[in-house]
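Colleague: Sequence plus predicted model, see below.
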Protein chains: 2
Amino acid sequence: MQLKIKFLKWSAGIPVAMLHKETAKKLGIHTKARIYLRTLIKHPKEFHTIVNIIGDHIVKKDEIAVSSEIKDRMNLSNGQKIEIGLAETPISLDLIKKKLNNQALSENEIKEIVMDIVGNELSESEIALFISSMYVKGMNLKETIYLTKAILKSGNIFKLKNKFIADKHCIGGVPNNRTTPIVVSICAAAGLIMPKSSSKAITSAAGTADTMEVLAKVGFSVDKLKKILKKTNAFLVWGGAMGMVPADEEIIRIEKELKIDPEAQLLASIMSKKLAVGSHYILIDIPYGNGAKVTKLKALLLKKKFEKIGKYFKKKLEVVLTKGDQPIGNGIGPVLEMIDILKILDPKQQGPKDLETKSVFLAGKLLEMTGKAKKDWGIKKAEEILSSGKAYEKFKQIIQAQGGAIKKLIPGEFKHNILADKTGKILEINNKAINLLARIAGCPTDKSAGIYLYAHKDDKIKKNEKILTIYSESESRLSEAVKFYAKNEAVIIA
Amino acid sequence: MQLKIKFLKWSAGIPVAMLHKETAKKLGIHTKARIYLRTLIKHPKEFHTIVNIIGDHIVKKDEIAVSSEIKDRMNLSNGQKIEIGLAETPISLDLIKKKLNNQALSENEIKEIVMDIVGNELSESEIALFISSMYVKGMNLKETIYLTKAILKSGNIFKLKNKFIADKHCIGGVPNNRTTPIVVSICAAAGLIMPKSSSKAITSAAGTADTMEVLAKVGFSVDKLKKILKKTNAFLVWGGAMGMVPADEEIIRIEKELKIDPEAQLLASIMSKKLAVGSHYILIDIPYGNGAKVTKLKALLLKKKFEKIGKYFKKKLEVVLTKGDQPIGNGIGPVLEMIDILKILDPKQQGPKDLETKSVFLAGKLLEMTGKAKKDWGIKKAEEILSSGKAYEKFKQIIQAQGGAIKKLIPGEFKHNILADKTGKILEINNKAINLLARIAGCPTDKSAGIYLYAHKDDKIKKNEKILTIYSESESRLSEAVKFYAKNEAVIIA
C-alpha cells in the first residue's frame, strides 16, 4: 500500500512510525507489528520498524507518520509517497537463538544478523538477546573475524593509498587516560597518516570523541574527512558520524543500556574501525589490573586474539599491556581532560606527568613500528617532537581543520571539594567509582562536568587537604554526585 | 521538581514521557535517561520510565507529557501536579548479570528483579537480558519457587474460602487443543469451583482467552469476578486484565517478541496464576512429542518439577502427559476453535472426537482428584455430564455472566482451500507450521482468521480432496498465508 509521509514533530530517540487505525486494519497490521518502508525509486531504500497504531489525532488514512530517525535514515521529504507492508520475522532471530544454544555461527549467518541490525529489522530486545548470546556463549576466533568483516561491510570504507597509515586504540576502562590526541599529534607531526575515529563513552565519563568535541566538530562525512586528511595528515573524529560502522554503533547503544560488553563485540568493534580507515599499523593498548576492564591474565589472552585477527587481515599489529589500576591524568570528563591535554601539548605549560609519559611511550612504539624511529629510539623521538612544540602545532592544525579553535576552558559552574578525612597515603582510587561519580555529575553529555584529582596512588595526603573537586552544570546533578561519593569509597586513604 | 501532567493523544503501546528541552536541562536529564514520577499524596504512587526530550511543540516548560500507559498505571488526571527526578540505575540490572554469570539468585534478589519489572524500572532490553539469563543458565528449584512467589506477590490474590477450588492448565504448543472451556463447564456442572484465568497467545494461533473473547468479555476486575463466581461457580477470563500477576504479563510480552520461553518462567507463570486464584486441586497437561513444546523425556522432568513446586505450596497437584504431535480438534484460530467447542458441548451436535475425548479425560481426572467421582469413574461421570447437556448449560451461564451470548460464528470472509496433490496417507501435521500459518492469516488478533483441518494423522486422503481451508479477514494476510503454505510443509502426505 502507498502512503504519504508525514513528519512527527518530536524526536523519540528511536525510529517510530504511526498509522491510522483504519489503514492498519485494511493492511492487517497490529500494534507492535514489524513493517517495511520502501521508497518508490529505481533502487529503492528499505527500512524496517515497529509500528504504533493510533486513532485519527495525528495521521490521516492515507498517511504514515515517522520520527526524525526514519526521516534521516531514508532521506524522506514531507508528503513523499512510499510503499509500506508487513515485514516477516527476520531469520536472524533464529540465528541469535542458535548462538544462545551454544552453536557456532557461519560467516553468512553472522552477516545476516549484522545486516538486520543495520536495517532495523531486529528490535532493541532482539539485539539485547544477541549481545547476551555473545556474552554468555562467547564467539570463537573464526566467528569474531566474521563479525569484524560483517560490521566492516555494514558501512563505508575509507580507501587511502598511503603505506604510512597508522592507528592506535585503547580498550578503555581507565578514567581520563586520554593519550589519543597527544599520540596522534606527535605521530602526525612525524609524518604518519593518522585517520583516528573514536567512539563516545559507553560506561566511562568520556570517550575521545566526547573530549575532542570540546574544541572542535567531530561529525564529518567521509568526503570531508579525506580533505581534512590531505591538509593535516590526521583527524580526531567520532566514528559514528562517519557512517563507517553503523552496525557497531547500534550494538554499542544497546550495550550501554545493558552495561555489558562481550569480548567478541569488543574485538570486532575495534578491529572493524581500524580496518575501515585502512590502517597498516595498529597499536592496541590494554590497561589491566585492579579496577581496570581486565586482569593481567585476561589481557594476555586478549592480546593473543588481537594478534591473530591482525595476522588474518595482514596488518602489522602490536599490543601493549599497561597498568590501569587508577585514573591517568588529573581531569575526568570532556573539558577537564582537554585541559590536561593542552597542558601537555603546549611546551610552555606543565601537564600531568603520568599521562605525558604514557602518551610518549605509545607514540614512540608507533614511530618504531612504522620505521619513523629506530628500535629503542621511539620514545626519545616522541619526546623531542613534543617538547619542540611541533606536536602542539599539529594539534592546532587538526582542531582548525575540524572547524574549531583552541580556547580557554572552564569546568562546570557548580563545584564541591572533597577533603581528606585523615592524614595518610592514597591506597586506592577506584576507576569504576570515579567513572560513575563523573557520570552522575553529568558526563559525558555535560561537557564541563567531571572530577579534578589532586593526588594519585601512593601519594601522601594531609587531613583536610583536597582529594578531588566535583564539577557539574546543574545543582541537582552535583548534589546527586556528592551523595554518591559519601556512599561509595572512590578514594581510599590508609 | 514539580511538573503538570499533560496527556499525549496517542497510545505508544509502551510508557512514554516527554519533557521540554529547557526543563530537561535544568534537571540535568538527558534523552533516554530514566526518571521517576511520584504523586504528591501521603502514600505516593511511583513509576519509572525512560524520557524523551523534545522541543516546545508538545509540552511547556512546567509540563510533562505522558502516554496513556503511564496515565492508567498511575491513575493520573490532566493538569495534576507530580514530582519528577532522575532515577538511579536499578540494582536489579546487576542481579540479572549475576544470573547471566551463572550464579544462583536469592529470594530477595529475585523479588527485586520482579518488583523492578512491575515498576517499569527495567527497560525492555534489560528484561530481555533477564529472560535470556533464565533461558541460558536456567534456574534451580529454589529459584523457581522464589520466582513463583515474587510474581504472585506482584499482583492481587483472589481469596476464596471453598475447598473445591480446582484448576487445570496446559503448557501449550499444540494448535487448537482447546479443552479448557469444555473441562471447566463439565467440572463446574459437577460442583467444582473453577476460577479459570488464561493467557493470550504467545507463539500459538490463540490462547483460551483469545478464544473465549469470541463470545464473551474476558477482562474483569477481581471484584466483578467474585460476583460472577458466586453465580456460576466458574469463569473463563484473561489473567492479564485481573491485575493478578502483572510481572508475568510484562515478561510474557517480551518473551513473545523474542519467541523464547525459559522453563523457570514457564513454571512460575503457571504456578503463580494457579496460586493467585487459591486453587487446592491443580491438573497440569503436558503435551509431548514431535512438534510439541517438549519431548517425552523433557515432559517427565517438567512433571517432577511441577510436582515438587505443588508440594512446596501444599497443593494437590497432578500432571498428565498427553500426545501432542498434531493439532487436536479441527479449527485453529479463535472463532474456528469456538465452533469446535460449541459442537462438543451441544448434545445435539457432533464435534471433533479427538478434542472431546481429551476434554472428557481431563475433566474425569479432576473429578477423581476432588472426590467428585470415584477412582476410575471420572471419565464416565464427565461423559454423562456432557451428554446430558448440563455442561452446555453451565457454559451458557458462564458466557452470559461474562456479558456475552451464544451466537452463530462465521470464519473470515477471505478463504483459500488447500488440496491434496496426491492420494495417500497423512504422515505429519506440523504444529509449528500450522500455528505460524494461522498467525500469518491474522491470528490471534483477527478472531475469525485461522485454519480448518479436514483430516488428521494417519487419515487416508485422495488427490484433490481438501486438506485444509485458510481463513482471513484481509486479502493481503490471506495471500501471505498462501505463500507461506507453498514454502513450508505444514501437512505431509506419503
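Modeller: All right, it came through fine. Residues are numbered from 1 along each chain as shown, chains lettered A, B, ... in the order given.
Colleague: Quick one: name the residues of the stretch 351-494 of chain A near chain B.
Modeller: Residues of the stretch 351-494 of chain A lying close to chain B (CB under 8 Å from any CB of the partner chain) are A:442, A:445-446, A:472-474, A:476-477, A:480. Where you see a C-beta, it was placed from the backbone N, CA and C, and this is true even at glycine.
Colleague: Can you add distance to A:I398 and give those back as CSV?
Modeller: Shown next, in CSV, are those (distance: CB to CB, whole Å):
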residue, distance to A:I398
A:G442, 27
A:T445, 24
A:D446, 24
A:S472, 29
A:E473, 27
A:S474, 31
A:S476, 36
A:R477, 31
A:E480, 35
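Colleague: I'd like to know which of those are buried.
Modeller: Among those, the ones that count as buried by 16 or more other CB atoms under 10 Å in any protein chain shown are A:442, A:445-446, A:472-474, A:476-477, A:480.
Colleague: What is the nearest of those residues to B:D72?
Modeller: Set against B:D72, the nearest of these by CB to CB is A:S476 (28.8 Å).
Colleague: Point me to the residue sitting closest to the centre of chain A.
Modeller: A:S199 (2.0 Å; CA atoms, centre = their mean).
Colleague: Return the distance of it relative to chain B.
Modeller: A:S199 is 17 Å from chain B, where distance means CB to the nearest CB, to the nearest Å.
Colleague: ok now stretch A:135-154, how far from the chain's centre?
Modeller: 18 Å (CA atoms, centre = their mean, to the nearest Å).
Colleague: Which positions in it come out as buried?
Modeller: Residues of stretch A:135-154 classed as buried by neighbour count (16+ other CB under 10 Å): A:135-137, A:139, A:143-154.
Colleague: Likewise for stretch A:310-330?
Modeller: Within stretch A:310-330, the residues scored as buried using 16+ other CB under 10 Å are A:310, A:313, A:315, A:317-330.
Colleague: From the buried ones among the residues of the stretch 351-494 of chain A next to chain B, which land in strands?
Modeller: Counting by DSSP state E, those place A:S472 in strands.
Colleague: Include pLDDT when you put the buried ones among the residues of the stretch 351-494 of chain A next to chain B into a markdown table, please.
Modeller: Below are those laid out as a markdown table (pLDDT from 0 to 100):
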| residue | pLDDT |
| --- | --- |
| A:G442 | 91 |
| A:T445 | 86 |
| A:D446 | 91 |
| A:S472 | 96 |
| A:E473 | 94 |
| A:S474 | 91 |
| A:S476 | 88 |
| A:R477 | 90 |
| A:E480 | 90 |
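Colleague: of the buried ones among the residues of the stretch 351-494 of chain A next to chain B, closest to A:L40?
Modeller: Using CB to CB, those come closest to A:L40 at A:T445, 38.6 Å.
Colleague: chain center to stretch A:453-470: distance?
Modeller: Relative to its parent chain, stretch A:453-470 has a centroid offset of 30 Å by CA atoms, centre = their mean.
Colleague: Contacts made by that stretch with the rest, please.
Modeller: For stretch A:453-470, contacts defined as CB atoms under 8 Å, 6 or more residues apart in numbering or on different chains pick out A:325-327, A:330-332, A:354, A:411, A:415-429, A:434, A:437, A:441, A:450-452, A:478, A:481-482, A:485, A:490-491, A:493.
Colleague: Just the buried residues of these.
Modeller: Looking at these with 16+ other CB under 10 Å, the buried ones turn out to be A:325-327, A:330-332, A:354, A:411, A:418, A:420, A:426, A:428-429, A:434, A:437, A:441, A:450-452, A:478, A:481-482, A:485, A:490-491, A:493.
Colleague: among those residues, which are in strands?
Modeller: A:331-332, A:418, A:426, A:428-429, A:450-452, A:491, A:493.
Colleague: and those residues as a markdown table, adding pLDDT?
Modeller: Rendered in a markdown table, the data for these read as follows (pLDDT from 0 to 100):
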| residue | pLDDT |
| --- | --- |
| A:G331 | 98 |
| A:I332 | 98 |
| A:I418 | 97 |
| A:I426 | 96 |
| A:E428 | 95 |
| A:I429 | 96 |
| A:G450 | 97 |
| A:I451 | 98 |
| A:Y452 | 98 |
| A:V491 | 96 |
| A:I493 | 95 |
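Colleague: give the contact list for the nearest residue to the residue nearest to the centre of chain A once chain neighbours are set aside.
Modeller: Leaving aside its chain neighbours, A:S199 sits nearest to A:G207 (5.1 Å; criterion: CB to CB, 6 or more residues apart in numbering or on different chains). Contact analysis of A:G207 by CB under 8 Å, 6+ apart lists A:172, A:198-201, A:444.
Colleague: which of those lies closest to A:I113?
Modeller: Closest to A:I113, out of all of the contacts of A:G207 and judged by CB to CB, is A:S199, at 20.5 Å.
Colleague: Tell me if I'm right that that closest one and A:T211 touch.
Modeller: No - in this structure A:S199 lies outside contact range of A:T211 using CB atoms under 8 Å: 11.7 Å.
Colleague: what's the burial count for A:K408?
Modeller: For A:K408, the neighbour count with other CB atoms under 10 Å in any protein chain shown is 6.
Colleague: Let me know the helix or strand that it is in.
Modeller: According to DSSP states H and E, A:K408 maps onto no helix or strand at all.
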